[in-house]
Each structure stands twice: as structure tokens, then as C-alpha cells.
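**Q** coords below, sequence missing:
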């Protein structure tokens with residue numbers, strides 16, 4: 001469940017707003033602009049816009065939440081394996 005929440009956070013905080021922003025800039029400046037770091041005139045491209053940079057970093061919230069969910073599953077598996085080995089040794 002935590003993993004799913006992390007993926008939803010990624011989508012809602014970063015992917016959807018970036019997609020809408022890319023669509024808006026693509027209609028305004030063209031497809032080439034949303035794929036550039038720097039324009040031919042030397043001005044910053046789409047990926048250098050401060051709002052885009054903030055949205056990219058917001059993805060960390062969802063990434064860390066999903067990573068926490070994965071860690072819980074992995075450590076739970078290791079605990080179950082260690083517990084089963086401990087019980088099998090005693091038998």
C-alpha cells in the first residue's frame with residue numbers, strides 16, 4: 001500500500017503537472033522547446049525553467065515513500081527467513 005501511495009505521489013506532484021506544463025509550452029513555442037536545455041539563442045530552455053526544476057525535485061517525495069514501502073517488504077522477508085531458520089534449527 002505504501003508503494004502505491006509513493007507512485008501516486010510521483011504522478012500527482014510531478015508527472016501530471018510537468019506534462020501539463022510541457023503541453024502548454026509546446027503549444028506556445030513548439031515541440032523543440034520542451035526538449036531543450038538551452039535554446040539556439042543561448043536562453044534557457046524548458047528544462048532550465050525554475051518551476052520545472054522544482055517539480056522534478058518534488059518527485060523525491062514519492063520516490064522516498066515508495067522506497068520506504070520496498071524497504072518494509074524486503075526487511076520483512078529477511079526477518080521471516082531468519083525466523084524460519086531459527087525455528088528449523090531448534091527442531
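**A** Right, received. Where do you want to start? It should be emphasised that the depicted structure is a prediction, and the values quoted were computed from it without experimental measurement. Numbering: from 1, shown residues only.

**Q** hang on, isn't residue 58 packed against residue 12?
**A** No: using C-beta atoms under 8 Å as the test, residue 58 is too far from residue 12 to be in contact (9.7 Å). Glycine gets a C-beta too; all of them are placed from N, C-alpha and C.

**Q** show me which of these two is the more surrounded one.
**A** The neighbour comparison of residue 58 against residue 12 (other C-beta atoms under 10 Å) goes to residue 58, with 17 against 13.

**Q** which SSE is the more buried one in?
**A** Per DSSP states H and E: residue 58 is located in helix 50-90.

**Q** tell me what that helix is packed against?
**A** In terms of contacts (3 or more C-beta pairs under 8 Å, 6 or more residues apart in numbering; DSSP states H and E), helix 50-90 is packed against helix 2-10, helix 16-29.

**Q** quick check: buried residues in the longest one?
**A** If I follow you right, that is helix 16-29. For helix 16-29, the neighbour count (16 or more other C-beta atoms under 10 Å) marks 17, 18, 21, 22, 25 as buried.

**Q** adding distance to residue 51, write the residues you listed out as TSV.
**A** What follows is those, written out as TSV (distance: C-beta to C-beta, whole Å):
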residue	distance to residue 51
17	9
18	9
21	7
22	12
25	11
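
**Q** now do the spatially most central residue of the chain against residue 18, distance only.
**A** With distances taken as C-alpha atoms, centre = their mean, residue 59 lies nearest the centre of the chain, 4.2 Å away. To residue 18, residue 59 is 9 Å away according to C-beta to C-beta, to the nearest Å.
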